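**Q** predicted model, plus sequence, below.
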There are 2 protein chains.
Amino acid sequence: MGALHEGHLALINSSKLANHITVCSIFVNPTQFNNKEDLAKYPRPIDADRQKLEEANCDVLFIPSENQMYDELPRLKFDFGDLETVMEGQFRPGHFNGVGIVVAKLFNIVQPDISYFGQKDYQQFLVISTLVKDLSFQIQLVCHPTIREKDGLALSSRNLRLRFEERAIAPLIYKCLQSAISDFKKGISIERIKEQVSEEINSHAGFKLEYIEFADANTLSLLEGYVKNKKVVICLAAFLGTVRLIDNVIVEI
Amino acid sequence: MGALHEGHLALINSSKLANHITVCSIFVNPTQFNNKEDLAKYPRPIDADRQKLEEANCDVLFIPSENQMYDELPRLKFDFGDLETVMEGQFRPGHFNGVGIVVAKLFNIVQPDISYFGQKDYQQFLVISTLVKDLSFQIQLVCHPTIREKDGLALSSRNLRLRFEERAIAPLIYKCLQSAISDFKKGISIERIKEQVSEEINSHAGFKLEYIEFADANTLSLLEGYVKNKKVVICLAAFLGTVRLIDNVIVEI
């Protein structure tokens, strides 16, 4: 969706290393926003994006108009079942239908052999994995580790909208995820860890936790209590002022 | 789904005339049957099919196993909205989700430039047109006119299951559609025509009308009363003994 940062450019670089031709699409997809204000506010620094892609030696930039992508609204709707009733799906109704449809369109238009996504949107990666598997797209998916600022804040186009004081406390999200891993490994219950993170986040003025969840990293089934022998993803969403931030970490327990 | 007849072979021939390579898939897709008995009874004369395709100079036969197509059941479900709440969609719940998923898989595996479907399954053709448009598949669709026996009966793999006496009265379906067109053009109301067809079909022992509907041929919105300046499809489904038959005709009014 553009507003490119080092996280996106890491995907371009990974693709450059493994492929002959690298295509980047930039399209702020209206059907995946459930909040019109969020859509209107989404940054669109096209000239800067174009320059960054040129510097990264990206071969092709695909930047369609809304009319080219949707000459009319789709009749088809996707339902990803349990995968879209939790976390981002629960708090952003219709979001993953919009993501699924637009990614299927981009796959069919661009016809890539390999497609690169960032781990920051982990649930989105699982949704797209399901899309690829269930519809037999002949595409290999790569989930690239989240790129972070030195203080741990996950890179996001939305970070540009943080005020100075907000930016200063934003790294708390990753700090909480790190201590969640540590407590989880010590054998503290999931409920207790969620309580602690909630208290910590909400104790800072302007910060409001939306959710922290522990889920099976393959199926995204939510976990409770104590867990063993599993790949677990810990996902967090919080508002900092009016800006909604998400992050996640994966831990083998 | 195999059990090939002259209707399928007409699709093969059309493709042969326009393309370098013609691929036929045969896969009796379990997820589009809402009736297990219907699935079990579906004819699978593979050797005869293979021979017919060889005689038609079909270049490739793709005949995957159930496990190859579904190593697990899909999580993703399709919802085609109004397009699947009427007629075949209403009487075969889940049918068009199953059709949509398997056709998307076949499109992604085979990657055709042009894909041929028969008009007999007109609603299916509209569902697949929606799939192609909404997901931007780079595929051109061709709707081939229904091929009929000399007495008017639309060719169908299910005709093989009709008993001798049933086969004798089966052409009544097309006769009713022909008189429906004629009455429609005379200005008789849709309700009156539906009544007449229902009475005619149900007056024959073993015949039971499931529906006859008049619909906008582009959107499949059901029509009532009197209609002008429209492309209309008249669709009919009926049971003849235990065999369910469908047919349709298109009329510009």
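**A** Okay, I see it.

**Q** how far does the helix or strand bottoming out on mean pLDDT in chain A sit from the chain's center?
**A** Taking mean pLDDT, DSSP states H and E as the measure, the helix or strand of chain A with the lowest value is helix A:36-41, at a mean of 85. On the basis of C-alpha atoms, centre = their mean, to the nearest Å, helix A:36-41 sits 17 Å off its chain's mean C-alpha point.

**Q** same check on stretch A:21-34?
**A** That offset, for stretch A:21-34, works out to 13 Å (C-alpha atoms, centre = their mean).

**Q** can you give me the strands for the stretch 1-150 of chain A?
**A** Taking DSSP state E, counting those that start in this stretch, the strands of the stretch 1-150 of chain A run over residues A:23-25, A:60-62, A:77-79, A:114-118, A:140-144.

**Q** residues contacting the third one, please?
**A** What it means is strand A:77-79. A:96, A:97, A:100, A:101, A:131, B:76, B:77, B:78, B:79, B:81 (C-beta atoms under 8 Å, 6 or more residues apart in numbering or on different chains). Quick note: C-beta positions are derived from backbone N, CA and C, even for glycine.

**Q** is it true that the last one touches residue A:74?
**A** No. When contacts are counted by C-beta atoms under 8 Å, residue B:81 is not listed as touching residue A:74 (9.3 Å).

**Q** between these two, who's got more neighbours?
**A** Under the criterion of other C-beta atoms under 10 Å in any protein chain shown, the comparison of residue B:81 against residue A:74 puts residue A:74 first, with 23 against 12.

**Q** in terms of pLDDT, where does the residue nearest to that one when sequence neighbours are not counted sit?
**A** Computed as C-beta to C-beta, 6 or more residues apart in numbering or on different chains, the closest residue to residue A:74 that is not its neighbour in sequence is residue B:134, at 3.9 Å. Per-residue confidence (pLDDT) for residue B:134: 97.

**Q** and if you look at residue A:34?
**A** 80.

**Q** cool, and residue A:70?
**A** 96.

**Q** what about it, neighbour count?
**A** Neighbours around residue A:70, by other C-beta under 10 Å: 18.

**Q** mind checking how far it is from residue A:94?
**A** 15 Å (C-beta to C-beta, to the nearest Å).

**Q** could you do residue A:196 as well?
**A** 32 Å.

**Q** find the closest residue to chain B in the stretch 151-253 of chain A.
**A** Chain B sits closest to residue A:219 of the stretch 151-253 of chain A, with a gap of 9.1 Å, by C-beta to the nearest C-beta.

**Q** you'd agree that residue is in a strand?
**A** No. The assignment for residue A:219 by DSSP: H, G, I helix; E, B strand; the rest coil gives coil, which leaves it out of any strand.

**Q** related to what we said a few turns ago, counting contacts, what elements does the least confident helix or strand of chain A pack onto?
**A** Here helix A:36-41 touches no other helix or strand, going by 3 or more C-beta pairs under 8 Å, 6 or more residues apart in numbering or on different chains; DSSP states H and E.

**Q** got the residues of the stretch 101-250 of chain A near chain B?
**A** Proximity of the stretch 101-250 of chain A to chain B, by C-beta under 8 Å from any C-beta of the partner chain, involves residues A:101, A:104-106, A:108-109, A:111, A:130-131, A:133-138.

**Q** rerun at 6 Å
**A** A:104, A:105, A:108, A:109, A:130, A:134, A:135, A:136, A:137, A:138 (C-beta under 6 Å from any C-beta of the partner chain).

**Q** helices - which of the residues you listed land there?
**A** A:104, A:105, A:108, A:109, A:130, A:134 (DSSP state H).

**Q** next, count neighbours for the fifth one.
**A** Here the neighbour count serves as a burial measure; for residue A:130 (other C-beta under 10 Å) it reads 21.

**Q** that one contacts residue B:75, doesn't it?
**A** Yes. If you go by C-beta atoms under 6 Å, residue A:130 and residue B:75 touch, sitting 5.1 Å apart.

**Q** can you give me the helices in the stretch 1-150 of chain A?
**A** A:6-18, A:36-41, A:46-55, A:66-69, A:88-91, A:95-110, A:122-134 (DSSP state H, counting those that start in this stretch).

**Q** give the buried residues for the fifth one.
**A** Buried residues in helix A:88-91, counted by 16 or more other C-beta atoms under 10 Å in any protein chain shown: A:88, A:89.

**Q** same thing with stretch A:75-89?
**A** A:75, A:76, A:77, A:78, A:79, A:80, A:83, A:84, A:86, A:87, A:88, A:89.

**Q** do the same with stretch A:18-32
**A** Neighbour-count burial for stretch A:18-32 [16+ other C-beta under 10 Å]: A:22, A:23, A:24, A:25, A:26, A:27, A:29, A:31, A:32.

**Q** and of those, the nearest to chain B?
**A** residue A:31 (10.7 Å).

**Q** tell me the two of the buried residues of stretch A:18-32 that are most distant?
**A** The span of the buried residues of stretch A:18-32, defined through C-beta to C-beta, is set by A:22 and A:31 at 25.8 Å.

**Q** count of neighbours near residue A:174?
**A** Neighbour tally, residue A:174, other C-beta under 10 Å: 20.

**Q** what's near enough to touch it?
**A** Residues near residue A:174 by C-beta atoms under 6 Å, 6 or more residues apart in numbering or on different chains: A:152, A:247.

**Q** assumed it was part of a helix.
**A** Yes. Under three-state DSSP, residue A:174 sits within a helix.

**Q** on the pLDDT front, check it for me.
**A** pLDDT at residue A:174 comes out at 98.

**Q** with the one 5 residues further on instead?
**A** Note for residue A:179: predicted pLDDT of 97.

**Q** what is the burial count for it?
**A** Around residue A:179 there are 14 residues (other C-beta under 10 Å).

**Q** so after the helix or strand where it lies, what's the next helix or strand?
**A** Secondary structure assigned from DSSP states H and E places residue A:179 in helix A:172-186. Per DSSP H and E, the first helix or strand lying C-terminal to helix A:172-186 is helix A:190-202.

**Q** which neighbouring elements make contact with that next one?
**A** helix A:172-186, strand A:207-216 (3 or more C-beta pairs under 6 Å, 6 or more residues apart in numbering or on different chains; DSSP states H and E).

**Q** could you dump these to CSV with distance to residue B:64?
**A** Below are the helices and strands packed on helix A:190-202 laid out as CSV (distance: least, C-beta to C-beta, whole Å):
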stretch, distance to residue B:64
helix A:172-186, 43
strand A:207-216, 30
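
**Q** tell me which of those is the most buried.
**A** strand A:207-216 (a mean of 19; mean count of other C-beta atoms under 10 Å in any protein chain shown).

**Q** what element comes up after that strand heading to the C-terminus?
**A** Next along from strand A:207-216, by DSSP H and E: strand A:231-240.

**Q** out of the strands of the stretch 1-150 of chain A, the one nearest residue B:119 is which?
**A** strand A:77-79 (26.3 Å).

**Q** list the strands paired with the closest one, with their directions.
**A** strand B:77-79 (antiparallel) (DSSP bridges).

**Q** who touches the least confident helix or strand of chain A?
**A** With C-beta under 6 Å, 6+ apart as the test, helix A:36-41 has contacts from A:30, A:33.

**Q** again, but for stretch A:46-64
**A** A:2, A:4, A:9, A:12, A:21, A:22, A:23, A:24, A:25, A:26, A:27.

**Q** report the buried residues of it.
**A** Those would be A:49, A:50, A:52, A:53, A:56, A:58, for stretch A:46-64 by 16+ other C-beta under 10 Å.
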